[in-house]
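**Q** Pasting the sequence and the predicted model now:
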Amino acid sequence: MRLEKQATRLPEMMIELMTAMLALPQIVPNQIDYPSSALRKNQSAAALLELIVDPEGDLVDCISRATFGDEELAEDICKLQSDAEMTAGRNAEGNASYGVLRVLIRYSIIQTEDGRDIYRLQAPGYTHTVTGIRFRPGTRPPDFGEFEALVGEAQNILSADAALTVEALPGVEGRALHQNLIVQVNHDGTVAQCQPDAKFETSKYAAYAKTACSFLAGEQLEPLVVAGEPVSHVRRYEVQFSLPEPASQPE
């Protein structure tokens, strides 16, 4: 569920960000085996996944939130990553916790046009790639510069969980800013702790992180249910700050 609200301005100081470090679960993807059938068919695909990891670091569930490219391969990505190495999240007390990790897994044959389209997709901070290499006999892999030119400009997949409309965005170029947070969510969906995600710039936009955390303090998030029971957990949460749409000009 995406939350949307109107705000008049950014408050100078709404809450103090917590100093304890929450930690999301982590994944070391299975990057060894590109499916042989997908290689034969020149298939490339990506899936935006939500991985539910228990306090022992075991994968409890894999939910595909969006898929791209070849449907057959995209539908298999959860299964292909079922034996990936996981580590548990950590709560504010430093204890292992249930956690939800959102990642983009790409299977890309970069020598094909479809493969390059998939490789361009990015979920900033949480993108992993399994690359299928297809070279003609006697050719060499491109160096990094040639590879970047071959692939082209990245395409970000922004997955904001909530949207705040504000009158101004001080210090921001453009009309929007995405603030990435890590939150600790209680059994009932209330937010117990909140901090900016250290994978992203945290000092330049500190006021936005404070505002986003203050906004979440009054919201009820969806509880995480495992084996029929709601559990406390840590998860990533992304808040989009944006300016109002310009008023349309009369014709």
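**A** That came through, no problem.

**Q** Contact partners for the nearest residue to Q220 once chain neighbours are set aside?
**A** Spatial nearest neighbour of Q220, excluding adjacent residues (C-beta to C-beta, 6 or more residues apart in numbering): G189 at 4.8 Å. Backbone N, C-alpha and C define where each C-beta goes, glycine included. The contact partners of G189, taken as C-beta atoms under 8 Å, 6 or more residues apart in numbering, are 220-223, 230.

**Q** 10 Å - rerun?
**A** Shown in contact with G189 (C-beta atoms under 10 Å, 6 or more residues apart in numbering): 219-224, 230.

**Q** Considering those residues, which is situated nearest to D54?
**A** L224 (10.8 Å; C-beta to C-beta).

**Q** Test of understanding: give the bridge partners of the residue nearest to the closest one when sequence neighbours are not counted.
**A** Excluding the flanking residues, the one nearest L224 by C-beta to C-beta, 6+ apart is H233, at 4.6 Å. Per DSSP bridges, the residues bridged to H233 are Y98, V185.

**Q** What about L216? Give its phi and psi, please.
**A** phi -70, psi -20 (degrees, to the nearest 10).

**Q** Isn't the residue nearest to L224 up against L51?
**A** No - contact criterion C-beta atoms under 10 Å: H233 and L51 do not qualify, at 11.9 Å.

**Q** Outline the domain layout of the protein.
**A** Structural domains assigned to the chain are 3-18+159-242, 26-156, following automatic domain parsing.

**Q** Now distance to S248 too, for those, in JSON lines please.
**A** Below are these laid out as JSON lines (distance: least, C-beta to C-beta, whole Å):
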{"stretch": "domain 3-18+159-242", "distance to S248": "16"}
{"stretch": "domain 26-156", "distance to S248": "27"}
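
**Q** Mind putting those domains into JSON lines with mean pLDDT?
**A** As requested, the domains of the chain are exported to JSON lines (pLDDT from 0 to 100):
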{"stretch": "domain 3-18+159-242", "mean pLDDT": "85"}
{"stretch": "domain 26-156", "mean pLDDT": "87"}
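
**Q** Distance of G115 relative to I157?
**A** G115 sits 17 Å away from I157, going by C-beta to C-beta, to the nearest Å.

**Q** typo on my end, I110
**A** On the measure of C-beta to C-beta, I110 and I157 end up 18 Å apart.

**Q** the more surrounded of those two?
**A** Set side by side, I110 and I157 show more neighbours around I110, with 20 against 15, by other C-beta atoms under 10 Å.

**Q** Could you look up the SS state of the more buried one?
**A** Under DSSP: H, G, I helix; E, B strand; the rest coil, the three-state class of I110 is coil.

**Q** Hmm, it is touching T131, no?
**A** Yes - judged on C-beta under 10 Å, I110 makes contact with T131 at a distance of 6.4 Å.

**Q** which residues do these two both contact?
**A** Common contacts of I110 and T131, defined by C-beta under 10 Å, 6+ apart, comprise 44, 119.

**Q** Could you state which residue of the protein sits nearest its centroid?
**A** Central residue of the chain (C-alpha atoms, centre = their mean): R102, 4.5 Å from the mean position.

**Q** check contacts around that residue.
**A** 24, 48-51, 63, 65, 123, 125-126, 159, 161, 235-238.

**Q** hmm, try it at 7 Å
**A** Applying C-beta atoms under 7 Å, 6 or more residues apart in numbering to R102 gives the contacts 48, 50, 126, 159, 236.

**Q** list the contacts for the third one?
**A** What it means is Y126. By C-beta under 7 Å, 6+ apart, the contact list for Y126 reads 102-104.

**Q** Same question for the fourth one.
**A** For S159, the contacting residues are 48, 102, 123, 238, taking C-beta under 7 Å, 6+ apart as the criterion.
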